[in-house]
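S.K.: got a sequence here, can you build the structure:
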Amino acid sequence: MNEITGFLSRFPPFDHLSPELLDRVAAGATVRRYAPGEDVFIEDGPPVEHLYVVQRGSAELRHDEEIVDILEPGECFGHLSLLTGMAPAFTVRAHEASECILIGRDPALEVLGRPAGTRFVAVTLREWLTRAGHTVHALPALHGTRVTGLLQRGPVFCEASDPIRDVARRMTEEEVSAVLVRHAGGLGIVTDKDLRAKVVAAGRDAAEPVGAIMTTPTVTIGADRFAFDAMIEMLETGVHHLPVVDRSGVVVGVVSSDDLANLESRSPFTVRRALSQAPDEEALVRAAGLLPALLLGLIDAGLSAAEIGRVLSLQSDTATARLVDFAMERHGPAPVAWAWLALGSVARRELTLASDQDNALAFADGGDPVAMDRYFERLASHVNAGLARCGFGIDAGDVLARDHRWRMSASAWIRVFQECLETPGPSQLVRAAVSFDFRHVMGGLEIVPPLVGILQTARRYPDFLARLARTATDHRPPLDFLGRISVRKGNGAQGRIDLKPGGIVPIASLARFHALSNGITISATLDRLVAAEEVGGLDREIAQALREAFTIVCDIRIQHHAACIRAGEAPDNLIDPDKLPPLERASLREAFLAVARAQKQLGRFVPLGL
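M.R.: Sure, this is the predicted structure:
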């Protein structure tokens with residue numbers, strides 16, 4: 001027994017292999033050394049070609065640059081990408097000087113296809129999904145969608161005595177890839193693959209009874225199980241169709257491997273990869289067309305509105321980066337260093353499919369300022385138009401990098417930020433309300449440190465803070481004088497209220513005020529409220545009430561967006577409060593009341609006559 005054989009035999013899934021197969025696997029394996037910090041493979045990179053086993057040292061399993069797990073000697077990785085042919089959902093990096101055993105594709109698939117290998121895949125995938133939080137790349141649609149959510153129609157049945165040709169004709173008419181066969185022993189199944197392999201290829205007479213080619217007994221799955229469970233069941237049994245049965249044993253439909261594959265359009269990883277690898281703008285627009293399905297998948301997976309906002313913001317960043325690539329291919333490389341800045345909800349990572357794009361651009365000082373501005377105007381116009389085609393609407397106030405008001409040199413941006421604090425007139429307050437929520441998306445210009453440094457001084461400017469407090473009360477929640485939800489002119493249309501100015505904007509404005517008045521420079525609304533409470537700048541009860549209010553409003557809004565998509569309509573923020581379930585309506589009213597109380601508290605920051 002050589003060293004590799006002896007080592008592998010101690011760990012799953014190799015510990016259940018026959019000596020002959022284990023020797024064959026070990027004979028074709030190779031050993032590779034990795035330096036500390038060296039990537040074995042990277043998230044979103046090319047699909048892996050080997051099954052890896054840590055032999056010495058250790059490796060980090062990383063997702064979004066966060067360590068999900070430390071892989072010790074004997075632990076395997078790479079099997080998820082190897083099995084699916086998809087890009088890795090994780091990065092694996094040597095934690096220290098390490099050695100890995102590399103097993104080629106064919107012997108690895110043979111090992112993983114055996115019962116012990118299938119169990120190993122299921123266990124590790126569940127563990128890694130849980131640790132990664134299944135929020136961005138870890139297939140939340142598979143993890144959180146029940147198999148009944150995949151069913152497009154009820155099952156199609158036939159009798160075992162029916163001729164094969166009649167069954168094949170019916171499958172074509174019904175547009176199904178499998179039919180269930182009733183027979184004396186119970187239930188069988190015939191698939192389109194059976195027709196090809198057992199009838200056409202075998203030269204069988206199509207007049208024969210379909211019972212002659214059916215598979216029985218049929219492997220089924222419970223209606224309360226998840227798509228992930230269906231995938232594992234298919235891997236273990238080698239089938240591609242599973243009848244779905246309810247608790248009473250009644251078949252309610254059939255789920256297929258194609259149904260599971262179609263779920264990939266609802267995976268953040270798949271959408272992000274399609275955006276980042278789009279060869280041209282047309283392909284990028286088509287990839288962005290997957291975003292509505294992605295939203296529905298994230299909701300089905302049980303993600304919160306806050307988590308969904310982060311995922312959608314990541315997709316927006318990816319589309320922006322690809323559009324910048326296309327713009328530079330057309331207009332040439334940038335003449336100086338630059339930075340693309342996300343503003344507003346994108347900056348706060350609170351993006352929805354009803355959000356407009358808000359962005360800005362900064363470029364380095366020096367050179368011909370007119371020529372540089374012309375270049376960046378062309379680049380920004382290209383990107384803004386492309387984002388609009390991808391479904392990220394044009395802001396009504398034209399807060400876009402193509403507009404000269406939001407495209408400036410670094411020194412000009414620093415001057416503007418400072419002026420907002422020193423001379424806070426109406427235009428400066430509007431600019432502060434938008435640009436003080438900013439996030440660096442891409443580009444090499446180091447613009448963030450000086451701008452953040454200015455924001456940290458905001459609490460030294462009482463006049464600015466007083467005026468900012470007043471702007472945080474500009475949008476009032478839709479309540480009447482008795483504290484009931486009210487639809488009033490300017491706050492909705494046709495009996496509906498607009499959740500954005502009525503709930504989202506005032507809470508975001510309150511959070512911005514309390515953050516800046518306490519030297520807090522993070523942008524996300526919930527994070528601002530937590531930080532303001534932690535530093536003593538916001539009463540605990542008010543902070544908690546605002547966080548709960550923001551969560552309630554965001555959850556109702558995201559569910560409304562999903563309903564719009566399912567109805568074939570563009571998502572908006574207009575809801576009819578009378579159509580909400582009583583408990584949801586009561587929660588929304590409490591959220592609005594919490595906002596109104598928090599706005600009232602700002603009175604002490606606003607001097608009389610301002």
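
S.K.: going by C-alpha atoms from here, please, whenever you check contacts or count neighbours.
M.R.: Fine.

S.K.: the residue nearest to Pro209 when sequence neighbours are not counted: how many residues sit nearby?
M.R.: Using CA to CA, 6 or more residues apart in numbering and skipping the chain neighbours, the partner closest in space to Pro209 is Pro163 (4.4 Å). Pro163 sits with 18 neighbouring residues when counted by other CA atoms under 10 Å.

S.K.: do the one 10 residues further on as well
M.R.: A count of nearby residues for Glu173, using other CA under 10 Å, gives 9.

S.K.: that one and Asp356, how far apart?
M.R.: Applying CA to CA, to the nearest Å, the value for Glu173 to Asp356 is 44 Å.

S.K.: now Ala337
M.R.: With distances taken as CA to CA, Ala337 is found 27 Å from Asp356.

S.K.: show me where the stretch 401-550 of the chain has its strands.
M.R.: 407-409, 438-442, 497-498 (DSSP state E, counting those that start in this stretch).

S.K.: okay if I get those as a markdown table plus mean neighbour count?
M.R.: Listed next are these as a markdown table, based on neighbours: other CA atoms under 10 Å:
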| stretch | mean neighbour count |
| --- | --- |
| strand 407-409 | 23 |
| strand 438-442 | 20 |
| strand 497-498 | 23 |
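
S.K.: of these, which is nearest Arg10?
M.R.: Evaluated over the strands of the stretch 401-550 of the chain, closeness to Arg10 peaks at strand 438-442, with 46.7 Å, by CA to CA.

S.K.: show me the chain divided up by domain.
M.R.: Domains of the chain are assigned by automatic domain parsing as 3-132, 149-264, 304-453, 468-605.

S.K.: redo those as TSV? Include mean pLDDT and distance to Glu281.
M.R.: Converted to TSV, those look like this (pLDDT from 0 to 100; distance: least, CA to CA, whole Å):
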stretch	mean pLDDT	distance to Glu281
domain 3-132	84	20
domain 149-264	88	22
domain 304-453	91	7
domain 468-605	89	22
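
S.K.: which one of those lies closest to Tyr461?
M.R.: domain 304-453 (6.3 Å).

S.K.: ok now that closest one, how far from the chain's centre?
M.R.: 22 Å (CA atoms, centre = their mean, to the nearest Å).

S.K.: compute the first-to-last residue distance for that domain.
M.R.: End to end - CA to CA - domain 304-453 spans 32 Å.

S.K.: now swap in stretch 172-182 and tell me
M.R.: Using CA to CA, the two ends of stretch 172-182 sit 19 Å apart.

S.K.: cool, stretch 107-116 as well?
M.R.: Note: stretch 107-116 ends 14 Å apart using CA to CA.

S.K.: then stretch 172-185?
M.R.: 26 Å.

S.K.: quick one: buried residues of it?
M.R.: Buried residues in stretch 172-185, defined by neighbour count with 16 or more other CA atoms under 10 Å: Val176, Ser177, Ala178, Val179, Leu180, Val181, Arg182.

S.K.: list just the nearest of those residues to Met234.
M.R.: Distance to Met234, by CA to CA, is smallest for Ala178 among the buried residues of stretch 172-185, at 14.9 Å.

S.K.: how about that closest one, what does it touch?
M.R.: Taking CA atoms under 8 Å, 6 or more residues apart in numbering, we find Ala178 in contact with Val156, Met171, Ile189, Val190, Thr191, Asp192, His241, Val254.

S.K.: just checking, the third one touches Thr215?
M.R.: Yes - between Ile189 and Thr215 there is a contact under CA atoms under 8 Å: 5.3 Å.

S.K.: among these two, which residue is more densely surrounded?
M.R.: When neighbours are counted by other CA under 10 Å, Ile189 comes out ahead of the other of Ile189 and Thr215, with 25 against 16.

S.K.: partner residues bridging Ala178?
M.R.: Taking DSSP bridges as the rule, Ala178 bridges to Thr191.

S.K.: for it, give its distance to Val156.
M.R.: Counting by CA to CA - Ala178 and Val156 are separated by 8 Å.
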